[in-house]
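[1] Give me coordinates for this.
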Amino acid sequence: MSLVILSNDAKEQTDIVSSVQSIYKPWSFRNSLSSTLEIPANSQLALTSAKISLDGQISMDAGEKILYVYLGKWLTPDQDLEYSNSYPIKVKLFEDEPGVVRTDTEGLAAELQKALNRSVCHPHYAKRCAVSVKRNNTTGEFEGYKIEMKQIDTSDQIIPSAPGSVNMIAQSTDAQFVNFRNIPLNRTYTVTTSGANDVILTPQQFRNHIQGTTFNMTGTTPPASLVKGEIIFDLQKCIGNVPAGGDLNVNFICGLSRFTEEHQRLNARYIGASYFQWNDSSETTANANWLRVFGDFMVVNTEGELRLFDTSTNGDAARVGVAGANRRKPRWREIDYTQGGTAAAPFNAIYDTTANGSRLQTCKFTLDGERVKIEMLDGAVPPVAYTLYEYSQTRRDGVTPRLADEIMKPIDQGCEAMMPVMGIYNDGVSDSGNAATDYAIALSEYNSVNITDIPNVAYTTELPVYEADPDRTIIPWFNLVAQTNPADRFHSIILDLENRFDRREVLFGDTTIQDQFEKCWKPVIITSSSSLYSHTQGANTMRLLGFSDINGVATGDTIWSDDGETNDQFVYSLISTEVPVALSSKSIFVRVDNFNQTSTNAANGNKSGIIAHLPRFDGQQQTGRLFFEPKNLIYLDLNNPAPMKINSFDISFVYSDESYCTSLVGSSIVTLHIRKKGETD
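    Numbering: from 1, shown residues only. The predicted model follows:
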């Protein structure tokens with residue numbers, strides 16, 4: 001008679017050895033002997049005990065796969081989404097498997113990471129989510145999941161060095177009448193690059209309407225960086241008296257915009273957002289009709305005056321006299337940068353570009369979190385910058401509160417992925433003695449989000465392209481929402497975001513927009529419907545992921561830990577606040593793989609090496625460390641008519657179909673009893 005003790009980890013330490021080395025996995029391992037063991041002829045084998053650590057199989061019904069992720073201001077109990085510039089994004093687990101799904105903890109972690117990276121669209125978070133299984137450092141037992149939300153804080157300069165060397169040139173789009181986009185002879189300008197690495201917009205003939213170009217997001221041209229990203233337009237060939245003695249003043253726009261062609265899809269006219277109110281603007285100059293270009297933040301030269309616009313609903317004031325649903329539709333809105341004449345020169349009054357007394361020749365946009373700063377620079381060396389607009393609670397006198405039309409909208413989730421937009425309206429100068437090609441705007445600097453550290457990832461604004469390969473494609477949230485339900489004429493989700501009037505207050509709060517990038521866009525994981533983070537109906541994964549004790553909403557500094565900056569990324573980490581419930585619904589069997597014992601597995605109709613079943617009883621612990629000791633030993637013949645010499649034992653834990661029980665972790669222990677047939681002790 002002989003008792004044999006077997007284990008995949010002799011020291012019963014952690015799951016490190018058993019997970020890395022193939023012959024020591026907790027569900028299949030080999031124990032080699034230092035000397036040969038001789039088993040007498042006609043012997044038998046039985047299992048006397050087994051100890052395992054079980055993660056458990058996870059079975060999810062078709063509807064139990066929903067959570068939401070939110071990136072923005074952490075809300076307090078007395079607030080709601082009206083105080084935020086963000087919207088919860090729906091995340092579907094196992095989206096490609098509509099029925100019941102069975103997996104284990106490692107499989108669920110991998111799927112959660114995949115689903116988050118498919119769904120999170122924010123330029124600085126996209127494709128940077130990581131999920132892993134959290135285990136006890138000593139026993140290797142399952143303790144939950146660790147979710148890491150990473151935000152990149154570096155930018156990339158992508159201005160091309162040679163004509164046609166980057167896709168943003170080929171993908172530029174005219175934003176007025178479609179025939180000027182599709183027929184090259186009717187284009188009013190060309191887009192080229194120069195030896196100075198500028199992207200230049202040059203009219204080829206005189207036209208009586210503006211032609212705006214919004215560069216498309218492609219694999220090689222990600223959206224503008226929101227971390228001190230700078231976008232600079234050289235205006236020397238379209239603003240008066242620069243250089244001295246020149247007379248190239250012309251109406252133009254330059255700025256930033258989300259990319260959209262959806263209005264072209266609807267009626268083949270204007271290219272822009274379908275819900276944009278084209279025919280009703282707060283612009284009051286005589287030449288308002290040419291302001292039919294979609295954009296989010298724009299500097300405009302109109303009739304020799306420098307003006308500032310955003311695209312906004314502007315609260316109740318901008319909607320006076322507008323009837324019906326159009327009252328909630330955004331439109332061009334002029335921002336009073338003079339602030340009632342309280343600012344110092346040159347912007348204490350509407351700036352006269354025909355005189356151009358300060359010799360302005362460059363426009364610079366700086367993006368910082370949810371804020372836009374706009375400066376005009378002169379031609380000095382180094383240039384002097386004059387602030388046209390930056391966020392402040394008061395006017396430039398430091399005392400008078402700013403009015404609603406003096407506060408530019410924030411960079412909200414709808415326009416978080418922006419590209420340059422620029423255009424020239426030159427009909428008014430057609431008889432000035434200059435040729436059409438004498439006028440131009442040059443994009444001289446563009447800082448984009450840096451995605452060079454993410455291999456094989458590309459940007460697109462087309463939903464079919466994204467859906468064809470969501471794991472390696474990033475689509476901005478605006479384009480995803482707008483194209484997912486095009487029948488929703490006004491895109492209710494986007495309009496809900498753009499009509500949040502309370503959010504103007506958060507631009508100046510102490511907890512929303514800070515100088516530090518990591519203080520913006522904080523993550524929230526929502527696994528149960530929330531009244532605080534609304535529009536999260538159907539979230540039903542809080543027990544699955546281990547957040548029941550916080551009602552399924554993981555938010556705030558006490559839940560998330562700021563892991564600081566690593567490799568130019570700020571990392572927020574979230575660990576399950578309780579051990580998730582993971583039940584095993586399969587029976588487990590012990591199999592000896594290198595002996596001659598024989599059993600019959602009628603479940604699959606074959607002979608088998610299974611020697612025992614590990615039974616489960618009501619009231620027994622379902623997962624974690626489990627111990628089994630059969631009361632009645634079942635001995636199987638080893639079918640050895642002669643003595644048998646062995647030097648190893650190969651043990652496996654399997655299901656009834658003989659597949660490995662891969663939900664085991666940590667150390668597994670098996671004790672076997674070998675006796676000569678006929679012996680009773």
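[2] hey, where'd the strands end up in the stretch 501-650 of the chain?
    Per DSSP state E, counting those that start in this stretch, the stretch 501-650 of the chain carries strands over the ranges 522-526, 553-554, 560-566, 569-575, 588-592, 599-601, 606-608, 610-614, 624-628, 636-637, 644-654.
[3] I'd like to know the average pLDDT value across the longest one.
    Averaging the model's pLDDT scores along strand 644-654 yields 93.
[4] Contacts for that strand next, please.
    With contact meaning C-beta atoms under 8 Å, 6 or more residues apart in numbering, strand 644-654 is reached by 4, 6, 26-33, 36-39, 41, 43, 52, 588-596, 609-610, 614, 638, 660-661, 664, 668, 670, 672. C-beta: built from backbone N, CA, C; applies to glycine.
[5] in that strand, what counts as buried?
    644, 649-654 (16 or more other C-beta atoms under 10 Å).
[6] What of the third one?
    Buried residues in strand 560-566, defined by neighbour count with 16+ other C-beta under 10 Å: W560.
[7] where among the strands of the stretch 501-650 of the chain is the average confidence lowest?
    Across those, strand 560-566 gives the lowest mean pLDDT, at a mean of 78.
[8] where's it relative to the chain centroid, distance-wise?
    Distance of strand 560-566 from the chain centroid (C-alpha atoms, centre = their mean, to the nearest Å) equals 17 Å.
[9] That strand pairs with which strands?
    Strand 560-566 sits in its sheet next to strand 569-575 (antiparallel), going by DSSP bridges.
[10] Let me see the contact set for the most centrally placed residue in the chain.
    The centroid of the chain falls nearest to V120 when counting by C-alpha atoms, centre = their mean (2.6 Å). Taking C-beta under 8 Å, 6+ apart as the criterion, V120 is in contact with 69, 71, 89, 126-129.
[11] Identify those among the residues you listed that sit within strands.
    In this view, the contacts of V120 that belong to strands under DSSP state E are 69, 71, 89, 129.
[12] most surrounded residue in those?
    Within these, neighbour counts (other C-beta atoms under 10 Å) peak at L71, which reaches 25 neighbours.
[13] who's it bridged to?
    P523.
[14] Would you agree it is in contact with S86?
    Yes. Using C-beta atoms under 8 Å, L71 is in contact with S86, at 5.8 Å.
[15] Overlap of the contact sets of these two?
    Joint contacts of L71 and S86 (C-beta under 8 Å, 6+ apart) are 413, 521.
[16] tell me which residues in the longest helix seen in the chain are buried?
    In the chain, assigned by DSSP state H, the helix with the most residues is helix 105-119. By neighbour count on 16+ other C-beta under 10 Å, the buried set for helix 105-119 is 105-109, 111-119.
[17] from those, which single one is nearest F94?
    Within the buried residues of helix 105-119, the smallest distance to F94 is 5.9 Å, found for E111 (C-beta to C-beta).
[18] For that closest one, give its distance to E679.
    51 Å (C-beta to C-beta, to the nearest Å).
[19] same thing with L633?
    Applying C-beta to C-beta to L633 and E679 gives a distance of 12 Å.
[20] Neighbour count: these two, which is higher?
    L633 (14 against 11).
[21] List the residues that contact A46.
    611-612, 633-636, 672-673, 675.
[22] Most neighbours of all the residues you listed, which one?
    That'd be A612 among the contacts of A46, by other C-beta under 10 Å, with 24 neighbours.
[23] Just give me the neighbour total for the residue nearest to that residue when sequence neighbours are not counted.
    Nearest non-adjacent residue to A612, counting by C-beta to C-beta, 6 or more residues apart in numbering: L47, 3.7 Å away. L47 has 24 neighbours, counted by other C-beta under 10 Å.
[24] out of the contacts of strand 644-654, which are buried?
    4, 6, 26-31, 39, 43, 52, 588-592, 595, 609-610, 614, 638, 661, 664, 668, 670, 672.
[25] before we move on, the earlier item: output the ones in strands among the contacts of V120 in a markdown table; the columns should cover pLDDT.
    Formatted as a markdown table, these follow (pLDDT from 0 to 100):
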| residue | pLDDT |
| --- | --- |
| V69 | 97 |
| L71 | 94 |
| I89 | 95 |
| C129 | 95 |
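[26] Tabulate those (a markdown table), appending distance to T313.
    Formatted as a markdown table, the ones in strands among the contacts of V120 follow (distance: C-beta to C-beta, whole Å):
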| residue | distance to T313 |
| --- | --- |
| V69 | 26 |
| L71 | 23 |
| I89 | 22 |
| C129 | 32 |
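[27] tell me which of those is nearest to F294?
    I89 (23.6 Å).
[28] who does that closest one bridge with?
    With DSSP bridges as the rule, I89 is bridged to V69.
[29] so it makes contact with R118?
    No. Counting by C-beta under 8 Å, I89 does not reach R118; the two are 10.3 Å apart.
[30] that older thread, state the pair within the ones in strands among the contacts of V120 that is farthest apart.
    Among the ones in strands among the contacts of V120, I89 and C129 lie farthest apart (C-beta to C-beta), at 11.7 Å.
[31] which one of the contacts of A46 sits closest to P346?
    Of the contacts of A46, the one sitting nearest to P346 (C-beta to C-beta) turns out to be A612, at 88.4 Å.
[32] you'd agree the closest one is up against V590?
    Yes. In this structure A612 lies within contact range of V590 using C-beta under 8 Å: 4.8 Å.
[33] okay, and the common contacts of these two?
    With C-beta under 8 Å, 6+ apart as the test, A612 and V590 both reach 47, 50.
[34] which stretches of the stretch 51-200 of the chain have low pLDDT?
    Filtered on pLDDT under 70, the stretch 51-200 of the chain yields the residue ranges 56, 62, 158-197.
[35] what are the ranges of the helices in it?
    Ranges of helices in the stretch 51-200 of the chain, per DSSP state H, counting those that start in this stretch, are 105-119, 167-170, 178-182.
[36] can you give me the angle the first one makes with strand 522-526?
    Calculated by axes from the mean of the first three to the mean of the last three C-alpha atoms, to 10 degrees, helix 105-119 forms an angle of 120 degrees with strand 522-526.
[37] which secondary structure elements does helix 105-119 contact?
    strand 58-60, strand 89-92, strand 129-135, strand 142-152 (3 or more C-beta pairs under 8 Å, 6 or more residues apart in numbering; DSSP states H and E).
[38] buried ones in stretch 445-461?
    445-451, 457-461.
[39] just checking, which of these belong to strands?
    Those of these mapping onto strands are 445-449, 458-459, per DSSP E.
[40] Quick check: W27 touching S667?
    No. Using C-beta under 8 Å, W27 is not in contact with S667; the gap is 11.8 Å.
[41] on that earlier part again, format the contacts of V120 as a markdown table; extra columns: distance to L201.
    Formatted as a markdown table, the contacts of V120 follow (distance: C-beta to C-beta, whole Å):
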| residue | distance to L201 |
| --- | --- |
| V69 | 38 |
| L71 | 34 |
| I89 | 35 |
| A126 | 29 |
| K127 | 32 |
| R128 | 34 |
| C129 | 38 |
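[42] Please look at I588 and S656 and confirm they touch.
    No. When contacts are counted by C-beta under 8 Å, I588 is not listed as touching S656 (9.1 Å).
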